[in-house]
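Undergrad: how would this look folded up:
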Amino acid sequence: MVKQEFPVPVITEHLQVPRVQPDAMAETKPFVAKAEFQEALGFPGKLVDNWQSVALDKMSELLGKYRALPVFLDSCVKCGACTGEKREQVIAK
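TA: Reported below is the predicted structural model:
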């Protein structure tokens with residue numbers, strides 16, 4: 001069995017994260033379920049014209065129905081892990 005050689009980056013104290021390239025994920029698309037499965041769940045077959053208001057209305061309904069959802073959304077938005085801001089992360093506070 002031939003061992004394939006590949007370059008191994010040198011790990012330093014601070015990792016160098018490459019910048020985001022425009023259209024880096026242009027080829028990726030979400031997996032769309034078949035129409036028969038979407039209809040069974042109450043989803044329309046195509047995107048409706050007022051999809052923004054429909055989504056906001058549904059979010060409002062869910063926020064009133066589930067007490068844990070606002071807590072989840074609040075913690076998810078304010079932890080800072082997705083932005084890379086260390087001063088905003090819970091561990092830094």
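
Undergrad: switch to C-alpha atoms for all contacts and neighbour counts from now on
TA: Will do.

Undergrad: helices or strands up against the longest helix anywhere in the chain?
TA: Assignment by DSSP state H gives helix 51-65 as the longest helix of the chain. With contacts taken as 3 or more C-alpha pairs under 8 Å, 6 or more residues apart in numbering; DSSP states H and E, helix 51-65 sits against helix 68-78.

Undergrad: which stretch of helix or strand covers residue 30?
TA: According to DSSP states H and E, residue 30 maps onto no helix or strand at all.

Undergrad: what number of residues lie near it?
TA: By other C-alpha atoms under 10 Å, the residues close to residue 30 number 5.

Undergrad: picking that back up, what residues does the longest helix of the chain touch?
TA: With contact meaning C-alpha atoms under 8 Å, 6 or more residues apart in numbering, helix 51-65 is reached by 69, 70.

Undergrad: could you check the angle helix 68-78 makes with that helix?
TA: Using axes from the mean of the first three to the mean of the last three C-alpha atoms, to 10 degrees, the direction of helix 51-65 lies 120 degrees away from that of helix 68-78.

Undergrad: gap between helix 51-65 and the chain center?
TA: 18 Å (C-alpha atoms, centre = their mean, to the nearest Å).

Undergrad: list the buried residues of it.
TA: For helix 51-65, burial by neighbour count (16 or more other C-alpha atoms under 10 Å) applies to no residue.

Undergrad: what's the mean pLDDT across it?
TA: Averaging pLDDT along helix 51-65 gives 90.

Undergrad: do stretch 27-36 as well
TA: Here the average pLDDT along stretch 27-36 is 84.

Undergrad: how far off centre is that stretch?
TA: With C-alpha atoms, centre = their mean, you get 16 Å for stretch 27-36.

Undergrad: right, and residue 35 touches residue 42 too?
TA: No: using C-alpha atoms under 8 Å, residue 35 makes no contact with residue 42, being 10.4 Å away.

Undergrad: for these two, indicate the residue with more neighbours.
TA: Neighbours were counted for residue 35 and for residue 42 using other C-alpha under 10 Å; residue 35 has more, 13 against 8.

Undergrad: tell me which element the closest residue in space to the more buried one that isn't next to it in sequence falls in.
TA: Nearest residue to residue 35, sequence neighbours excluded (C-alpha to C-alpha, 6 or more residues apart in numbering): residue 45, at 5.7 Å. Under the criterion DSSP H and E, no helix or strand holds residue 45.
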